[in-house]
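J.: return atomic coordinates for the entry below.
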Amino acid sequence: TEVQDDDGLDFTIAADQVNAIRWMSPGRQLILGTSGGEWSVTSDGPVVTPLDIQVRRESTNGSANILPVRISSIVLFVQRAKRKLREFVFAFETDGFRTPDLTILADHITKSGIREIAYKQEPDSEVFCVREDGILSALTYRREQDVVGWSRHILGGAFAGGHAVVESAATIPGNAVAGTVDSDECWIVVKRTIGGATRRHIEVFEPSFEGPSRQEFDAEASFDAAVLTAQEDAFYVDSGLTYEGAATLTLSGLDHLEGETVRIWGNGATMPDRIVSGGSITLDSAVTKAVVGLGYRHVFQSLKLAAGAAAGTAVGKVKRVHGMTLVLLHATGVKLGPGIDKLEQIPLRDVGDAMDTAVPLFTGERYVSFDGDYERDARIVVAGNDPGPLQILALAPEMKTNEQI
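T.: Model prediction:
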């Protein structure tokens, strides 16, 4: 019988190897990822038919058996060895596709291999990569701005004496009923050891903390109230719950964290840690709104400091950082120092702040002295574990360099 355009298609790719197809991604072209390379499927007409099909090999990286994510016209996929995340993108200069490695500047970020990836489009365009060892790596990806930045999320709690294990991740559009319509939701399955038993929790990332709006900053009469409300809504714990209601000293409903030490953000301020007993905790002072959950630590370490020398680079020269200007947005607590074992708390309370209420979030510039030593490899470390917001927009160090050594 004569072959028709709507007939089924059984096509053998002309290649020098027989490789399994790991994934397919539809777009203006159908992209195939096989264990031996990546292919594009096109036609001369508007659609692919049994009589009008062209299959071309575009790269020979090889794909892992992991579903890719498509961001506009770009496909992000995991290479066969599961250590590299690559983007499949058309290059006009070569009139063909290329597959650059997105981990080239952070090859340690996928240590142990990638198990699964999920794309969260709003508000920050992030690709979450679940590693084989249970650590969650995140890629902030904005190709039009050439922003490709990696980070790690080591969640609070522990499993079998190590860190908490992320087993899977998935994203869905925001929920208008829950007030997150402007932000996608990333859901994860987390495995921890709690009370001597293995427990799995399905958790969702809270929307990013934004603080008061510019209009609220300009309205002096409502400034204090606006800031306080924003502080109370901050959510910076893992596996946490929120209480809102009448003033109380006891918070219950924490059975899923029985026996764990939890961090508390009460009425917009950090409160002393507590151990959950009988599914509840008792506070030192009453709260009307509180966030309770497992704490985690954030750590930033700078790269080698290259600027500051009169004759060329400062890399390899003896130098000392003696001062620092921090540009902060909605900050509540920050520790700064030359090493992870040598940190100092930066005071953000002003003289006019009331002592019996939460310290207002700090936005602006704060200059501090820096207890650095004369050394060749001077670094800047920012760390903390407060359950409140901290956004660092810039770090401006003051440094003395020995030009003779």
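J.: for the helix or strand harbouring residue 22, packing partners?
T.: Using DSSP states H and E, residue 22 maps to strand 21-25. Under the contact definition 3 or more Cβ pairs under 8 Å, 6 or more residues apart in numbering; DSSP states H and E, strand 21-25 sits against strand 30-34. For every residue, glycine as well, the C-beta is placed using N, CA and C.
J.: swap the cut-off to 10 Å and go again
T.: Here strand 21-25 touches strand 30-34, strand 38-42, strand 74-78, going by 3 or more Cβ pairs under 10 Å, 6 or more residues apart in numbering; DSSP states H and E.
J.: checking the residue nearest the centre of the chain next. Helix, strand or coil?
T.: With distances taken as Cα atoms, centre = their mean, the residue of the chain nearest its centroid is residue 138 (4.6 Å). Under DSSP: H, G, I helix; E, B strand; the rest coil, residue 138 falls in the strand class.
J.: output the strand holding residue 22 as PDB, restricted to C-alpha atoms.
T.: Backbone C-alpha positions of strand 21-25 (Å, rounded to 0.1, in the frame of the first residue of the first chain) are rendered in PDB as follows:
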ATOM      1  CA  ILE A  21      17.400   6.700  23.100                       C
ATOM      2  CA  ARG A  22      17.300   8.200  26.600                       C
ATOM      3  CA  TRP A  23      15.000  11.100  26.100                       C
ATOM      4  CA  MET A  24      13.200  13.200  23.500                       C
ATOM      5  CA  SER A  25      12.400  17.000  23.700                       C
END
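J.: partner strands of that strand and their direction?
T.: strand 30-34 (antiparallel) (DSSP bridges).
J.: quick one: distance of the strand it pairs with to the chain centre.
T.: Distance of strand 30-34 from its chain centroid, counting by Cα atoms, centre = their mean, to the nearest Å, is 28 Å.
J.: how big is the angle separating that strand from strand 74-78?
T.: 10 degrees (axes from the mean of the first three to the mean of the last three Cα atoms, to 10 degrees).
J.: go through strand 30-34 and flag the buried ones.
T.: Under the neighbour-count criterion of 16 or more other Cβ atoms under 10 Å, strand 30-34 has 30-34 buried.
J.: now swap in stretch 106-118 and tell me
T.: Going by neighbour count (16+ other Cβ under 10 Å), the buried part of stretch 106-118 is 109-110, 114-118.
J.: against residue 267, how distant is the nearest residue to residue 349 once chain neighbours are set aside?
T.: Nearest residue to residue 349, sequence neighbours excluded (Cβ to Cβ, 6 or more residues apart in numbering): residue 359, at 4.8 Å. For residue 359, the distance to residue 267 (Cβ to Cβ, to the nearest Å) stands at 11 Å.
J.: need the residues touching each of the two.
T.: residue 231 (Cβ atoms under 10 Å, 6 or more residues apart in numbering).
J.: strand partners (parallel or antiparallel) of the helix or strand where residue 338 lies?
T.: Secondary structure from DSSP H and E places residue 338 in strand 334-339. Strands that pair with strand 334-339, judged by DSSP bridges, come out as strand 342-346 (antiparallel), strand 381-384 (antiparallel).
J.: please convert the helices and strands packed on strand 21-25 to CSV, extending it with distance to residue 403.
T.: Listed next are the helices and strands packed on strand 21-25 as CSV, based on distance: least, Cβ to Cβ, whole Å:
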stretch, distance to residue 403
strand 30-34, 53
strand 38-42, 51
strand 74-78, 45
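J.: sketch out the low-pLDDT regions of this protein for me.
T.: Along the chain, the model assigns pLDDT under 70 to residues 1, 176-181, 212-229, 404-405.
J.: helices of that one, residue ranges please.
T.: Along the chain, counting by DSSP state H, helices occupy 214-218, 223-233.
J.: and residue 280, how far from residue 157?
T.: Remark: distance between residue 280 and residue 157 (Cβ to Cβ) = 19 Å.
J.: what residues are up against residue 60?
T.: 17, 34, 36-38, 99.
J.: again, 6 Å this time
T.: Residue 60 makes contact with residue 37 under the criterion Cβ atoms under 6 Å, 6 or more residues apart in numbering.
J.: and residue 170, by the same measure?
T.: By Cβ under 6 Å, 6+ apart, residue 170 lies in contact with 118, 187.
J.: so what's it bridging to?
T.: On the basis of DSSP bridges, residue 170 is bridged to residue 187.
J.: any idea how far residue 241 is from it?
T.: The value you get for residue 170 to residue 241, if Cβ to Cβ is used, is 22 Å.
J.: cool, residue 311 as well?
T.: 57 Å.
J.: higher neighbour count, the two?
T.: residue 241 (17 against 8; other Cβ atoms under 10 Å).
J.: and that one, what are its bridge partners?
T.: Counting by DSSP bridges, residue 241 forms beta bridges with residue 292.
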